[in-house]
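# Next one to model:
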Amino acid sequence: MWKNGEFVTKWKIHKLDTAGYPNLTGWQAWGVNDYGQIVGIAFDNEFTRAVSPLWNPRQDGKGWQLTMLPPSSDYPYTFAFRINNMGYIAGAFESGDGSLWLPRFWKPLDLNRTTYSQAIELPVPKGYIGCEAVGINELGDVTGDCYNRKVDVAARWTMKDLSFSEILGFPGSLSFAWGVSNNRIAAVFYVGSKACPADTYGSCGGAIELH
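Predicted coordinates:
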C-alpha cells in the first residue's frame, strides 16, 4: 500500500486451507467480512461441478478452518459471492448447461458460524427466468441481476421479506448491481442505452438509493 507516493505497509499473503478435496483443483476467494470469514468457489478440472468453500478464522489465530456451504441436490454449481458481518452469504445456484441461475443466500446456525443453513431461496421477479444474488449489506439488502430472453438487468431483494424482489430500472439491456452499502446505496453498471455514451469499454456506472 502507498500513501501520497510513499510506501506505507506490506501485507503477508496467507495460504487458505484446501486439504481434503483432492478432486477440486481450482479455488477462488471472492468475499470477506470484518470478522475474517472468507467465501468463494472451488471446482474440478473439467468444471463439471462447483462448490462454495467457507473459511472461518481459527480461534488460536493460526489460519482458517475450511468448511463447505450446503450445496444443491438439483444444481451442480454453487456460488458464494459475498458475506456480511452477521455471516449471511449471498450467492446462486447454476444448472449444468449454464442456462439457469437462481438467487440464494445462506445463514449461520450457530454463534461460531461453523454450520450453515441450506440455501434459502430468493424470488425471481415475474417476467424473468433467473437471477443471481451478488451483493449484501448488514441490513439484509441483497443485489444482483435478473434475466429473461431479452434483457439482463440489475435487481434487488431483502432478507426481511422473502417474497419481495425488484428490478432497479437502470436504462439499457444490460445492468448489474455489484454491491450495496450499509447506507443502502447500490453500485450498478449498465450498457445498451442512449443514457450511456459509448466509451472504450462500452459501459457506464451509476448508483441508486434503496427504499
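# where does this protein have low pLDDT?
Along the chain, the parts satisfying pLDDT under 70 run over 197-202.
# go with 90
1-2, 7-14, 59-63, 112, 171-173, 190-206 (pLDDT under 90).
# center of it, which residue is that?
When Cα atoms, centre = their mean is applied to the chain, the residue found nearest the centroid is Phe81 (2.4 Å).
# quick one: secondary structure of that residue?
Phe81 falls in the strand class when you classify it by DSSP: H, G, I helix; E, B strand; the rest coil.
# which residue sits closest to it, ignoring its sequence neighbours?
Spatially, and ignoring its direct neighbours in sequence, Phe81 is nearest to Val134 (4.6 Å; Cβ to Cβ, 6 or more residues apart in numbering). Yep, even glycine has a C-beta here, placed from its N, CA and C like the rest.
# tell me the contacts of the one you found?
Contact partners of Val134, counting by Cβ atoms under 8 Å, 6 or more residues apart in numbering, are Phe81, Arg82, Ala90, Ala92, Thr143, Gly144, Asp145, Phe176, Ala177, Trp178, Gly179.
# go again using 10 Å as the cut-off
With contacts defined as Cβ atoms under 10 Å, 6 or more residues apart in numbering, Val134 is in contact with 30-31, 79, 81-82, 90-92, 103, 142-145, 155, 176-180.
# And Ala80, by the same measure?
Shown in contact with Ala80 (Cβ under 10 Å, 6+ apart): 30-31, 38-41, 51-54, 68-69, 89-92, 104-106, 116, 119, 133.
# again with Tyr190
Going by Cβ under 10 Å, 6+ apart, Tyr190 touches 153-154, 168, 170-177, 196, 203-206.
# switch the cut-off to 7 Å
Going by Cβ atoms under 7 Å, 6 or more residues apart in numbering, Tyr190 touches Phe170, Pro171, Gly172, Leu174, Ser175, Cys196, Ser203, Cys204, Gly206.
# Among these, which lie within helices?
Under the assignment DSSP state H, the contacts of Tyr190 contribute nothing to helices.
# Understood, closing this out.
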